[in-house]
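K.L.:
Here is my input, please return the structure:
(one chain, ligands or ions: 1)
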Amino acid sequence: MTDLHLWLRHEARSTERRTPIVPSDARRLVERGTTLTVEESPQRIFPIEEYAAAGCRVAPTGSWVSAPKGAVIVGLKELPDEPAELTHRHIFFGHAYKQQPGATDLLRRFAAGGGALLDLEYLVDDQGRRLAAFGFWAGYLGAALAVLHHRGRLVAPLTPTSQEELDEVLQPAAGDEEFTALVIGALGRSGRGARAAFHTAGVEPTCWDLAETRDLDRPALLAHDVLVNAVLATTPIPPFVREADLDDPARRLRTVSDVTCDVGSPLNVLPIYDRTTEWTDPVRRLRKEPPLDLIAIDNLPSLLPKESSTGFSGSLLPQLLEFGVGGPWGRCLDRFHQVCRELGITEGEFRHV
Ligand SMILES: NC(=O)c1ccc[n+]([C@@H]2O[C@H](COP(=O)([O-])OP(=O)(O)OC[C@H]3O[C@@H](n4cnc5c(N)ncnc54)[C@H](O)[C@@H]3O)[C@@H](O)[C@H]2O)c1
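P.N.:
Here you go, the predicted structure:
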């Protein structure tokens, strides 16, 4: 038995159908003695009945604000704007440590209430490797959308789907022309997802990772028809494709899918566009003749809510089963305190932790 009380909240964003804990993993937590309260949520991909059947307590939408003080609130994306004071420990992607808009306000809410953010992006092992991430399905979708567009089969607006439905249209059909594809960052989570999608599409891509880009062969890059960028850049490096390369007469490249989406950042390896594309309008033409089309969607895994939730929850489960003060959760908490200190947010208020 444990004293851990997890509280799975409803996601404030109405298009967010994913969840960090799926019913089968909820059952494992309950069997191990965790109290798991799950809020009702109209858009969550898994119905509340499945959580109830797994032994979870059911609570109304948004009731985490009055959850017992010791409960740990679990979600994926942003909290609603109220309450002004956050008294609980919260596990979610806060997007608050890289000076994002609203970051300081969010951290101040934690300081004011004495709660803490355990940011999922910073849940890492002792080598600094992320322990739970959505990369695989981001890469899968990034490549799938590129293939569908390249074959003239991409239908907009994009809507959440299942892998089964996606794979049906992704499979090669009679009359499809052959093309070449390149995945950069091919050894990472997104890169593996991209390779899997290409495989389903009947395309065997060229795979590059750190070793192949150290001395970048840009003409070879531009000689592919489709590029999927899935790198996780940590220091600025020379861009893979520059604006001038789009006008290179030798360019074969027609479709770029940028899974990384570091647009506007000094780490951006594809500084050939200035804003991401959206589900409503997923493709932007960067050059007319010969054409070059860009797909740069920054919430790809939400398009496969069931599969991406299941994968993510499977990685998070072992960490939740070991929830405690040290290890990865301790590192999360240290990071939170460190960022607050750097921003001059008073730490005396952190009563819980
Ligand atoms: N668009 C979306 O919806 C979405 C969703 C999830 C993740 N992402 C982004 O996708 C990117 C990849 O995430 P991940 O989870 O796959 O990361 P990862 O750490 O698992 O993999 C990144 C890979 O990039 C490689 N790499 C780093 N620098 C490189 C370089 N200069 N040349 C070639 N390869 C290089 C690494 O060696 C690694 O294999 C991240 O930027 C992440 O933020 C986007």
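
K.L.:
switch to C-alpha atoms for all contacts and neighbour counts from now on
P.N.:
OK.

K.L.:
Tell me how many other residues crowd Leu117.
P.N.:
When neighbours are counted by other C-alpha atoms under 10 Å, Leu117 registers 24.

K.L.:
which residue sits closest to Val259, ignoring its sequence neighbours?
P.N.:
Ala230 (5.3 Å; C-alpha to C-alpha, 6 or more residues apart in numbering).

K.L.:
how much space between that neighbour and Ala296?
P.N.:
11 Å (C-alpha to C-alpha, to the nearest Å).

K.L.:
for Leu76, same thing?
P.N.:
For Leu76 relative to Ala296 (C-alpha to C-alpha), the value is 21 Å.

K.L.:
In terms of neighbours, single out the busier of these two.
P.N.:
Shown here are Leu76 and Ala296; by other C-alpha under 10 Å, Ala296 has more neighbours (25 against 22).

K.L.:
name the element the nearest residue to Pro301 once chain neighbours are set aside belongs to?
P.N.:
Take Pro301 and drop its neighbours on the chain: the residue closest to it by C-alpha to C-alpha, 6+ apart is Ala138, 4.9 Å away. Counting by DSSP states H and E, the element that carries Ala138 is helix 135-150.

K.L.:
now do Val58
P.N.:
Assignment of secondary structure by DSSP H and E places Val58 within strand 57-59.

K.L.:
returning to that earlier point: wouldn't the residue nearest to Pro301 be in contact with Thr260 here?
P.N.:
No: using C-alpha atoms under 8 Å, Ala138 is not in contact with Thr260; the gap is 9.1 Å.

K.L.:
what separates the residue lying farthest from the centre of the chain from Tyr273, distance-wise?
P.N.:
Computed with C-alpha atoms, centre = their mean, the residue of the chain farthest from its C-alpha average is Pro249, at 35.8 Å. Separation of Pro249 from Tyr273 (C-alpha to C-alpha): 20 Å.

K.L.:
Over to Tyr51?
P.N.:
Using C-alpha to C-alpha, Tyr51 is found at 43 Å from Tyr273.

K.L.:
Check which helices and strands whichever strand or helix holds Tyr51 sits against.
P.N.:
Tyr51 is part of helix 48-53 when elements are defined by DSSP H and E. In terms of contacts (3 or more C-alpha pairs under 8 Å, 6 or more residues apart in numbering; DSSP states H and E), helix 48-53 is packed against helix 23-31, strand 35-39, strand 57-59.

K.L.:
Tell me how far His5 lies from Glu322.
P.N.:
His5 sits at a distance of 13 Å from Glu322 (criterion: C-alpha to C-alpha).
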